[in-house]
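Novice: Quick one: sequence and predicted model below, then my questions.
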Amino acid sequence: MIPIPNANEGGPSSLSRKSLRPKLRQATLIIPKTGRRVKRGVTFGPPTGLDGGPGGPSGEQSPLLRGPRKQRGLQWSIAEGAISYANQAWSFAKSKTGRDVLKCSIAYFLGSLATFIPAIAALLGQQDGKHMVATITVYFHPARSKGSMVEAIICAAVAFAYAVFICFSSMAVSIFFGRTLGLIVVGHVIVLITFCGAGLGLVGWTKQRLGHPLVNVSCSLTSLAIITVLTKEGAVQAAEFSDDKVVQVMIIILMGVSATTVVSLLISPISACDELKKDLVQVTDLLGDLLAMITTGFLTGSEEELQQQQFLDTSTKSKKAFSSMTKNLKESKYEHYVMGTETEYQLEAKLVNCMQRLEQNVGGLRSAATTQFLLMSQTGVTSSATPTSTRYGGNTPRFSSFPTIADGSMSLLVEHGVLAAIDEVPEDESQEDSRLAHPFPDGDSVASMFNSPADIFSRFIMQLGPSMKSLAVTLRKILDELPYACDGTLAVDARFRTSLEDAVDLYTNARKEALTLLYKSKELTRADSVALEADLEEVAASCGYFSFSLLDFANEMKAYLEILDDLKLEVEERPDGRTWNWLKFWHKASTSKSKHHIGDTERDSLIAQNEENEVPGDSPSPTERKAARNAHQTGHDPRWSIRYRLWRALGVLRRDDIKFAIKVGIGAALYALPSFLAATRPLYQHWRGEWGLLSYMLVCSMTIGASNTTGFARFVGTCLGALCAIVSWIASRGNAYLLAFFGWLMSLWTSYLIVALGRGPMGRFIMLTYNLSALYAYSLSVKDLDNDDDEGGVNPIITEIVLHRVVAVLSGCLWGLVITRLIWPISAQRKFKDGLSMLWLRMGLIWKRDPLAMLTEGDSPNIYMNLCEEFELHRFLSRLENLSSAAASEVDLRGPFPEDVYSDILKSTGAMLDAFHAMNVMIMKNPRATKGEAEILRYTIIERAQLSARISHLFQVLASSMKLEYPMNEALPNIEHTRDRLLAKIFRFRKEGRDRLDSKDEDFELLYAYALVTGQLSKEITHVGNEIEKLFGVLDEETLKLQ
């Protein structure tokens, strides 16, 4: 059914967009499984990476109108609703998330037995803390893979070892100064500063530095152990040695981790290796769908293909699948290392890297298709179904005069985003197919038929479209089969590679012929202005770049198949056997040092911090850069040399992560001070100051916004946990069986918060407070604790217990917020804006180098941007996204943080980095210019220098406006005019100079990629400028008023 366009809409109709392309002739298709060549009308078939279909719930088989609903009684409605809810609950219980929640609840139940069963509780002695076994099962929950569980065990062991070192060292110092020297106060000061302040400061630094969920949990565990021994137990204050608490903590960790490990490995175990296989299958299917939809959109000229919900859903699923694939790859490393299959892991890592490159190639295809849509909209092609003229004034043939795509066997089904099923046709080429192969006359008549970019684009699609679609279908079919079969075995067929090579050969020949005709048509077209010359050249660039990107995708698929062959050999035959090389510590691993740019002081001054979790924006201040220059210029003066060396030596203290560690240590030492003073120690113990100090360690974050977020979650979780503890204790009247059952119910919904909703901090805080209150009260009631009579003893007063915990937790949260704001406050909003400015300055400096200049000057291609620098930029952008989330939690009197606007700016910045990558890929593939390329580059050197300088200048303007939070000038340089001059120069070179020069069509590919990248940069820079205007406005008289 053909959709009827809305007469009220001013834009192009769906029918007009369908008519933009003539009917594609049949082409030779390579069947991957057999390698057989067939002549057919090539189509992609339905998508494989998305759920649903014709037979699904919303397919064609479902009725449009439901039958009349029968009137039922109230009891029947209640029963029907109960059955429905029961079915939903059963479905959730059988799902992966439901199984994970159940596993967490079982592990918690086992952990709580250390409090309720006397035989197990006796192993932990008469000291407080038995409820921590249950708490550890919440922190190290079993809803993780085997590899992640191995990682959790390692983290717990390292955390315990560090806590033992701090505790025993503090006892030794206290005994030495108290018993040997008789200076107990001095010993307390050293312990407070060195072990409490510096020790906990190092914990906070490690937590912030690594930023891993398991590391965060381990830091919480080691903080608890250190705080308990140093401030509560009393051995350090009395200058005595006691290993009771340390041994108890060790047993608690062993019990808790053992419970989670047993549940994780015995109940519905999860293998990261198996999950990685599922992710690889899903990613290949999604890449095939994206390839099909992008290719269809390019061939039909319809931007709706890339704007439909189906394409957006596929892109979103692809991002999630890649994120899951990266996570499971890291976790599978531990599984492979335990099983001695390191080589298999290394090949899987190569496979994942290859998948990421394929995704980047798909991004290049999308960029070229987007450029085509933009060009067609600028030329007015889509303004009507049958345009008779364009803005260039020439007459163009009506699209309706071409053979349309309305034929049933070739229907593109634009509204569904995919092509119809494949229909076999005879091998012999029909008369119509032969006519479509050369639909236009050659020679001078071309100039009279094609006077606009759209006409030349249509000719190119008619010539190369069938071969392009055939190659895309072959790639799609290979992706659908790879990499694993349903039984988990590698689905590698030796005929895949030969079929792909044959398809690439066919496509390469057809591409060369199509580009030759395209360039010939463009050269014979009459160009009356620079703008038309630029648009005609941009047509060639878009066609050439898309065809090259598709060919590059196919070549990357060859590498993908080679890795699969190696992986299949390793899995099935395992030539080297199981190695366990990681245990051979006596073998020195070869390390490679990354090469850095030397001598580029401007670049070095703008390089951001490389670390994974440091706060962006820590660039040297103007004063610091001036001091460095003065020291360098006056290095012969001893005074300058000493001052400069001292300034450099103290540079570590200027780092944000070091400042964070210092202020965490200062806050911890001040909060723990009352526990070392005889006058205040009883008050500290009565109000459970150790839990306040632990809360302080949990709340402290690098930025104010992150501290606000964690503090709020801690506050809400504490209140909920306290309320639930009171209700459970009153309802159970201290009965162990009921308390165990209520605790299991608590763990069910908090596990859902942690596992399903990703609200880990809040869920953990709820259970921690519940355990501190309800389980602790039970230990009091059975006389399982010593020296704990201040809260009711054997008749525990639950409200008083809860009050002490809540007050301690809230005081710790408030203290953390105070320290975060008073000592070296780090605003997430300020750091976000500074980091964004720094990133743009860095990007402007990169583009200032003129990416193509080194090809003729003989320099290394890494001068533009090497892979390490590219990875650094993307990682920096990821940290900015995290900062944006934290900035939204900060309170500003000027108003809320405009998260939506900054999200659009980050999205555009990411698109610009993708354009940088596309340029980098082209340069790295051709690091040395051919004779023809060198001639073209020299011919366009002035225009490229002007274009690069203008882009670099605009990046600096954006960075300055963001850094100063000041409006931009409306009269900014325009990139498009400079870019049009470059494209027109290329057009004139091809039309006038190539006959006397030894240049080939392939020599223009690099410059075409350059032109498309600059076009995308121009679009995104303009969009970012518009967003900045929303933030700060534009310069006007009021803004520039002199006062």
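Specialist: It's in.

Novice: if I look at Ser781, how far off is Trp815?
Specialist: 32 Å (C-beta to C-beta, to the nearest Å). From N, CA and C alone the C-beta is placed, and that goes for glycine too.

Novice: Kindly apply the preceding question to Gly689 instead.
Specialist: 11 Å.

Novice: When those two are compared, which one has more neighbours?
Specialist: Set side by side, Gly689 and Trp815 show more neighbours around Gly689, with 25 against 20, by other C-beta atoms under 10 Å.

Novice: what's near enough to touch that one?
Specialist: Thr231, Lys232, Tyr671, Ala672, Pro674, Ser675, Ala808 (C-beta atoms under 8 Å, 6 or more residues apart in numbering).

Novice: Just the buried ones out of those, please.
Specialist: Neighbour-count burial (16 or more other C-beta atoms under 10 Å) applied to the contacts of Gly689 gives Thr231, Lys232, Tyr671, Ala672, Pro674, Ser675, Ala808.

Novice: Put together a markdown table for those, with pLDDT, distance to Leu723 and secondary structure on each row.
Specialist: Compiled in a markdown table, the buried ones among the contacts of Gly689 are given as follows (pLDDT from 0 to 100; distance: C-beta to C-beta, whole Å; DSSP: H, G, I helix; E, B strand; the rest coil):
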| residue | pLDDT | distance to Leu723 | secondary structure |
| --- | --- | --- | --- |
| Thr231 | 90 | 28 | helix |
| Lys232 | 87 | 26 | helix |
| Tyr671 | 94 | 26 | helix |
| Ala672 | 93 | 29 | helix |
| Pro674 | 93 | 28 | helix |
| Ser675 | 91 | 29 | helix |
| Ala808 | 90 | 16 | helix |
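
Novice: Just name the closest of those to Gly199, please.
Specialist: Minimum distance to Gly199 across the buried ones among the contacts of Gly689 is 10.7 Å, recorded for Ala672 (C-beta to C-beta).

Novice: which residue ranges form the helices in the stretch 651-800 of the chain?
Specialist: Secondary structure of the stretch 651-800 of the chain (DSSP state H, counting those that start in this stretch): helices at 656-672, 681-686, 689-699, 704-732, 736-751, 760-770, 776-781, 798-822.

Novice: Leu506 is nearest to which of those?
Specialist: Across the helices of the stretch 651-800 of the chain, closest to Leu506 is helix 760-770 (C-beta to C-beta), at 52.9 Å.

Novice: Who are the packing partners of the helix or strand encompassing Val185?
Specialist: Using DSSP states H and E, Val185 falls within helix 184-190. Judged by 3 or more C-beta pairs under 8 Å, 6 or more residues apart in numbering; DSSP states H and E, the packing partners of helix 184-190 are helix 146-175.

Novice: how far is the helix it packs on from where the chain is centred?
Specialist: Counting by C-alpha atoms, centre = their mean, to the nearest Å, helix 146-175 is centred 31 Å from the centre of its parent chain.

Novice: Check which helices and strands that helix is in contact with.
Specialist: By 3+ C-beta pairs under 8 Å, 6+ apart, helix 146-175 packs against helix 184-190, helix 213-227, helix 244-266, helix 272-300, helix 309-339.

Novice: Could you rerun that using 6 Å?
Specialist: Packing partners of helix 146-175 (3 or more C-beta pairs under 6 Å, 6 or more residues apart in numbering; DSSP states H and E): helix 184-190, helix 213-227, helix 244-266, helix 309-339.

Novice: I'd like to know which of these is closest to Ala134.
Specialist: Per C-beta to C-beta, nearest to Ala134 of the helices and strands packed on helix 146-175: helix 244-266, 7.6 Å.

Novice: mind saving the C-alpha coords of the closest one as PDB?
Specialist: What follows is helix 244-266, C-alpha atoms only, in PDB (Å, rounded to 0.1, in the frame of the first residue of the first chain):
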ATOM      1  CA  ASP A 244      41.100 -10.600  68.100                       C
ATOM      2  CA  LYS A 245      39.300  -8.100  65.800                       C
ATOM      3  CA  VAL A 246      41.700  -8.800  62.900                       C
ATOM      4  CA  VAL A 247      41.100 -12.500  63.100                       C
ATOM      5  CA  GLN A 248      37.300 -11.900  63.400                       C
ATOM      6  CA  VAL A 249      37.400  -9.700  60.300                       C
ATOM      7  CA  MET A 250      39.300 -12.400  58.400                       C
ATOM      8  CA  ILE A 251      36.800 -15.100  59.400                       C
ATOM      9  CA  ILE A 252      33.900 -12.700  58.400                       C
ATOM     10  CA  ILE A 253      35.400 -12.100  55.000                       C
ATOM     11  CA  LEU A 254      36.000 -15.800  54.500                       C
ATOM     12  CA  MET A 255      32.400 -16.600  55.500                       C
ATOM     13  CA  GLY A 256      30.800 -13.900  53.400                       C
ATOM     14  CA  VAL A 257      32.900 -14.500  50.200                       C
ATOM     15  CA  SER A 258      32.500 -18.200  50.500                       C
ATOM     16  CA  ALA A 259      28.700 -17.900  50.800                       C
ATOM     17  CA  THR A 260      28.500 -15.700  47.700                       C
ATOM     18  CA  THR A 261      31.000 -17.900  45.800                       C
ATOM     19  CA  VAL A 262      29.000 -21.100  46.500                       C
ATOM     20  CA  VAL A 263      25.700 -19.600  45.500                       C
ATOM     21  CA  SER A 264      27.300 -18.000  42.300                       C
ATOM     22  CA  LEU A 265      28.900 -21.300  41.100                       C
ATOM     23  CA  LEU A 266      26.100 -23.700  42.100                       C
END
